[in-house]
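> here is my input; please provide its structure:
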Amino acid sequence: MLLTFEVIAEALRERIRSGGLKPGDALPTQAVLMAEYGASSLSVQKAMALLKQDGYAISRPGKGAFVAHPDADTDEDPGSPDVGNAPVGGMVARVEALEQALAEAVGQIADLRTRVEAVELGGTHQG
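This next block holds a predicted model:
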């Protein structure tokens, strides 16, 4: 059985493969996906990270996530007039997704460290 984030990611991949979402199109917002799938924000974030990791999506800071061509590094014609306006796919998208995932993981580790320290302090001051 697939986890919720895997279901969301696969549904978006299928929309991209079928042409319902084309390279350069904005992906649905986190709020829209949460409502559509009855999912938590964490599940939606994991789904988006998976799409970025697989080269299906790319983030534009302050603008959102967009469909990237999964094989853009090999299929795109560099002379195409849309190349400069379309999100970059392929390897660049994968690197960006990994950098974003790393940044998120660092933040989560810091949060967990703070929680562990709070629990440890709370455990020593019982009474």
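> averaged pLDDT, the longest helix seen in the chain. What do you get?
Across the chain, the longest stretch assigned as helix under DSSP state H is helix 90-124. For helix 90-124, mean pLDDT is 81.
> by contact count, what packs against that helix?
Helices and strands touching helix 90-124, by 3 or more CB pairs under 8 Å, 6 or more residues apart in numbering; DSSP states H and E, are helix 41-53, strand 57-60, helix 72-75. Heads up, the C-betas are built off the backbone N, CA and C, glycines and all.
> now the longest one: buried residues?
Just to be clear, that refers to helix 41-53. By neighbour count, with 16 or more other CB atoms under 10 Å as the criterion, the buried positions of helix 41-53 are 43-53.
> just those now: which is nearest residue 118?
Within these, proximity to residue 118 (CB to CB) peaks at residue 45, which comes in at 24.0 Å.
> I figured the closest one hits residue 33, correct?
No - with contacts counted by CB atoms under 8 Å, residue 45 stays clear of residue 33, the gap being 9.7 Å.
> report the buried residues of stretch 53-70.
53, 55-59, 65-70.
> re earlier: and of the buried residues of helix 41-53, the nearest to residue 20?
Distances from residue 20 to the buried residues of helix 41-53, taken by CB to CB, are shortest for residue 51, at 14.3 Å.
> quick check, pLDDT for the closest one.
94.
> can you check the one 4 residues further on too?
Predicted confidence (pLDDT) at residue 55: the value is 89.
> ditto for the one 10 residues further on
Taken from the predicted model, the pLDDT recorded for residue 65 is 92.
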